[in-house]
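Q: Coordinates for the following, if possible.
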Amino acid sequence: MTDPTDHRPRTAVPRPTAVPRPTAVPRPSSAPRLRGRTRRVTPRTHWLLLCVLVVTLSAALLLQGYTHHMFGITSDDVTGPPGRADAVPGQVARGGPVIAGAAGSPHTARPKTRTIALTFDDGPDPVWTPRILDVLRRNHVHATFFVVGTQVVAHPELVRRIVAEGHQIGIHTFTHPDLSRLAPWQRSLELRETQLAVAGAAGVTTALLRPPYSSENDALDDAGWSVLEQADRAGYVTVLSTLDAEDWQRPGTARVLANATPHGKTGQIVLMHDAGGDRSQTVAALDTLIPRLKAQGFRFTTVGGAVGMTDPVRTAGLGDHLQGVALIKMLQLGDGAIRLLGVLMYAAGAVSVLRAAVVLVAARRHRRLRTGRRARPWGPPVTEPVSVIVPAYNESAGIEAAVRSLVASDHPVEIIVVDDGSTDGTADLVESLRLPGVRVIRQRNAGKPAALNTGLAAATCELVVMVDGDTVFEQDAVRTIVQPFADPAVGAVSGNAKVVNRGGLLGRWQHIEYVVGFNLDRRLFDLAECMPTVPGAVGAFRRRALLALGGVSDVTLAEDTDLTMALCRAGWRVVYEEGAVAWTEAPASLGALWRQRYRWCYGTLQAMWKHRGALVQGGAAGRLGRRGLLYLLLFQVLLPLLAPVVDVFALYGLVFLDPLRITVLWLAFLLLQLLMGLYAFRLDQERPGPLWSLPLQQFVYRQLMYLVVVQSVFTAVAGSRLRWQRMERYGTLRAPTGAETSGEDRPPRVPA
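A: This next block holds a predicted model:
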C-alpha cells in the first residue's frame with residue numbers, strides 16, 4: 001500500500017544524543033493505579049428503572065394515540081340520511097327524549113310543562129365553558145353538561161367546577177366518534193373511559209349518556225338503536241334533544257336564540273355546545289334566552305330534574321375514583337410526552353442539520369488548507385528518528401503484522417514492544433521474529449497506561465508514536481504523522497485509522513463510522529483547535545510534552561482522550577494528519593462492540609469530567625472546554641440520549657399520526673446522513689459502496705450506540721468503576737508487502 005511515485009531519498013539518521021534517557025516516567029501523584037482500585041460493576045438497577053420508564057411511556061403513548069387518533073370521527077365524516085328504522089320501537093320513535101330500558105322494556109320520558117333543560121355538548125372548554133357557567137350562575141340556573149373524555153382529561157378542574165356549582169354531568173363518549181360505526185368492544189371502551197375520567201376528575205359517576213351526532217327520537221335508525229341497547233345494558237339512560245340551537249353552525253346570535261326558544265308551553269331539552277370552536281354566539285344568546293323565558297313562566301333545571309330522575313349522578317366508588325385518577329394522569333403524561341417529543345424531535349433535527357452544515361463546511365476548508373494549491377507546509381521536512389511504542393497484552397493474533405508494518409516504515413524508527421504480562425506468548429513471538437530495531441520489554445500486567453509509560457521511559461527519541469498491538473501502519477504513515485512537528489507549537493498529531501475487517505454488516509457500519517468520524521469531525525476539531533482525542537491506534541507526541549504531564553494517566557479508561565485533553569490544557573496544539581493511515585481491527589460481534597464502545601464512552605465521560613475546568617479557562621484550554629467539551633457533550637452524550645425519544649415519536653407518528661409525513665422526515669434525515677457519508681468517503685478516497693447499508697444502520701447499530709451511552713451515563717452517575725476490557729483479536733491484519741526481515745531499500749533502524 002505504498003505510493004509507487006514516491007522517490008524521495010531515504011537518508012540514514014544517526015542516533016540522537018541530545019535527548020536524555022530517564023529511568024522512569026513518574027506517575028501523577030493524584031492518580032493512583034486504575035487497576036488497583038477498580039472493580040467490575042454490572043449496574044442492573046438502572047436497566048430496571050429504564051425498562052419501567054419505557055413501559056410507562058409506551059403505555060401512555062399507546063393510550064394517548066388510541067384515544068386521540070384511532071376512532072375519533074368529526075362531524076364532517078357523518079353524512080347521509082338515516083338508515084332503516086325497523087328495529088326502533090314505535091313508542092321510542094314517538095316518545096320522549098329520555099330513553100331507558102332500551103335492551104328490555106323500553107320507555108321514555110318528557111320534560112314537565114314549562115320546564116327547560118339546557119344541555120351543553122363537547123366540553124369542557126377552557127375558554128367557553130367558564131363563560132357559560134358564569135352566565136348560568138348570574139341567572140341562578142342549573143344545566144346538564146355532556147362531556148367528552150379527552151376534554152375531561154385536559155381540563156379536570158372545569159368538571160369539578162361544573163359539579164360544585166350544582167350542574168349535572170353526562171357523558172358524550174371519550175373521543176366523540178359515531179358510536180354506530182364502532183364495534184361493540186370499542187363502544188364499551190369509549191363509555192368506560194369517559195366514566196372513569198369523570199370519576200377521576202370530580203369523584204362522581206353518571207348514568208346520563210348522549211351519543212355524538214344524535215338528534216331527536218324520530219331520527220333514530222337501527223344502527224343508532226343498537227347503540228342505545230348496548231348502553232342500556234351498561235346502565236346508561238340515553239338523553240336526546242327536542243330543540244337544537246344549531247349553535248355549532250354559528251348562524252348568528254339571533255338565529256341561535258330563535259332556534260332555542262320553545263313554541264308553546266311544552267317542556268324542552270335544548271341542545272347547545274360549550275366547546276368545539278367559537279361559542280361567543282352561544283354565550284350571547286344565553287344572556288337573552290334565560291331572562292326572556294323566565295319572564296314567560298318557564299323553569300330551568302337539569303335533565304334529571306326535568307323528567308323526575310332520582311340521582312343520575314352519584315359519588316364514585318373508591319376503585320373507580322382511583323382508576324379515573326390513574327387514567328387522567330396517564331393520558332396527561334401521554335399528552336405532555338407528545339408535546340415534549342415533538343419539541344425534542346424538531347430540536348434534534350435542527351441541531352443535526354446545523355452540525356451537518358458545520359462539519360461539511362469545516363471539512364472542505366480543512367482540505368483546502370492542507371492539500372489545496374495554497375496549502376502551506378508545516379515547515380522543513382522532519383527527518384529525525386521516531387520511537388514507536390507498542391503496548392501489548394495477549395496480542396499474539398496480530399502483533400507480528402503490526403511490528404512488521406512498522407519495520408517496513410520509510411522513516412527511521414526504533415520499535416519498543418512493551419509486553420504487559422501477556423499469557424499467550426506475545427513477547428516470545430516478537431523476539432522470535434528477530435526484526436532489526438525492535439526491542440521487547442516485559443513487565444507484570446499493570447494496564448495500558450503503565451505499558452505506555454514504560455515504553456516512554458525506554459524511548460530514545462524526542463518524537464514518539466504510540467500504536468495499538470492490533471494496528472498495521474502504511475509504509476509512509478510514520479513519516480507523514482511526524483511532519484506537523486515542524487511547527488514547534490504542535491504537541492500531538494492524530495493519524496487516520498481505518499477498519500481492516502469490513503466484511504458483514506457490522507464491519508461495514510464501523511467502517512462508515514470511522515470514515516465519517518475521522519474525515520469530518522476531526523477536521524472540524526483541527527480547525528477549531530480543540531482536538532479532544534488522539535486515538536491510541538495511531539498517534540504521535542512530543543516526548544517532553546508527555547514527560548511534563550507526568551506521563552500517561554491511568555485515572556480514566558480513555559487514556560488517549562485524557563492525555564490529549566491534558567496536552568490541550570497545557571497549551572500544546574493537537575492536529576489531524578489524514579495522510580497518516582493505519583489499519584485496525586474492529587469488533588466482529590455485537591458483544592465485542594458493546595464492550596469496546598462501553599469502555600470508550602465511559603472513559604470519555606471520565607475525561608470530560610476530569611477536564612471540566614477547561615470550560616472557564618482561557619487560551620488553548622478554553623478552546624478545548626468551550627468548543628471541544630461542549631461539542632462532545634451535545635453530540636456524543638445528550639443527542640444519543642435523546643435519539644431514542646425521536647425514534648419513539650417516529651413510531652408513534654407512523655401508527656397514529658401522518659405516516660407519509662413521518663416517512664418523508666425520516667428519509668430526509670437519512671439523505672442528510674448519506675450526503676455526509678459520501679463527502680467523507682470522497683475525502684478519504686474510499687469507494688462509497690458500503691454506504692448502501694446506511695439505512696440498515698439506523699435500525700440496529702444506532703440503537704446499540706444509544707444503549708452504550710445510557711449504560712455509560714448511568715455507570716458514571718452511580719460512581720461505579722470498570723476494569724480494562726481487552727478486545728478479542730481475529731488475526732485479520734496482514735503486514736504490507738516488503739515488511740521482511742532484511743532488505744537494502746529500507747531506511748536504517750535506530751539502534752536499540
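Q: which ones are touching L179?
A: For L179, the contacting residues are 173, 187, 190, 211-212, 227, by CB atoms under 8 Å, 6 or more residues apart in numbering. Just so you know, the C-beta spots here come from the backbone N, C-alpha and C atoms, and that holds for glycine as well.
Q: Geometrically speaking, which residue is the centre of the protein?
A: By CA atoms, centre = their mean, the chain has its centre lying nearest to A643, at 1.8 Å.
Q: you'd agree it is up against A348?
A: Yes: the pair A643 / A348 is scored as a contact, 7.0 Å apart, by CB atoms under 8 Å.
Q: re the thing from before, can you tell me, leaving aside adjacent residues, what's nearest to the residue nearest to the centre of the chain?
A: Excluding the flanking residues, the one nearest A643 by CB to CB, 6 or more residues apart in numbering is Y706, at 5.4 Å.
Q: Tell me where the longest helix sits in the chain.
A: If you go by DSSP state H, the chain has its longest helix at helix 318-371.
Q: Counting by contacts, list what that helix packs against.
A: helix 45-65, helix 149-154, helix 184-202, helix 522-528, helix 639-656, helix 659-683 (3 or more CB pairs under 8 Å, 6 or more residues apart in numbering; DSSP states H and E).
Q: Among the ones you listed, which comes closest to M272?
A: For the helices and strands packed on helix 318-371, the distance to M272 is smallest for helix 149-154, at 15.6 Å, taking CB to CB.
Q: pLDDT on that closest one, on average?
A: Mean pLDDT, helix 149-154: 93.
Q: what about L406, which helix or strand?
A: helix 399-407 (DSSP states H and E).
Q: Output the helix or strand just after that helix as PDB, restricted to C-alpha atoms.
A: Using DSSP H and E, the helix or strand that follows helix 399-407 in sequence is strand 413-420. Output of strand 413-420 as PDB, limited to C-alpha atoms (Å, rounded to 0.1, in the frame of the first residue of the first chain):
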ATOM      1  CA  VAL A 413      12.300   4.300  13.800                       C
ATOM      2  CA  GLU A 414      13.000   2.400  17.000                       C
ATOM      3  CA  ILE A 415      10.300   0.000  17.900                       C
ATOM      4  CA  ILE A 416       9.600  -0.800  21.600                       C
ATOM      5  CA  VAL A 417       7.100  -3.500  22.300                       C
ATOM      6  CA  VAL A 418       6.000  -3.500  25.900                       C
ATOM      7  CA  ASP A 419       4.500  -6.800  26.900                       C
ATOM      8  CA  ASP A 420       2.100  -6.100  29.700                       C
END
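Q: And the helix or strand just after strand 413-420, what does it pack against?
A: Sequence-wise, the next helix or strand downstream of strand 413-420 (DSSP H and E) is helix 426-433. Helices and strands touching helix 426-433, as assessed by 3+ CB pairs under 8 Å, 6+ apart, comprise strand 386-392, helix 399-407, strand 413-420, strand 438-443.
Q: 6 Å - rerun?
A: Contacts defined by 3 or more CB pairs under 6 Å, 6 or more residues apart in numbering; DSSP states H and E place helix 426-433 against helix 399-407, strand 413-420, strand 438-443.
Q: Make TSV from the contacts of L179 and add pLDDT to it.
A: Below are the contacts of L179 laid out as TSV (pLDDT from 0 to 100):
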residue	pLDDT
T173	94
R187	93
E190	92
P211	96
P212	94
V227	95
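Q: With neighbour count added, can I get the residues you listed in CSV?
A: Shown next, in CSV, are these (neighbours: other CB atoms under 10 Å):
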residue, neighbour count
T173, 26
R187, 22
E190, 25
P211, 27
P212, 22
V227, 23
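Q: V135: which of the residues you listed is nearest?
A: Once CB to CB is applied, the member of the contacts of L179 that ends up nearest V135 is P212, at 24.4 Å.
Q: Let me see the contact set for T242.
A: Listed by CB atoms under 6 Å, 6 or more residues apart in numbering, the contact set of T242 reads 97, 268-269.
Q: Could you rerun that using 8 Å?
A: 97, 111, 216, 266, 268-270.
Q: next one: L456
A: With contacts defined as CB under 8 Å, 6+ apart, L456 is in contact with 25, 389, 464, 543, 546-547, 551-552.
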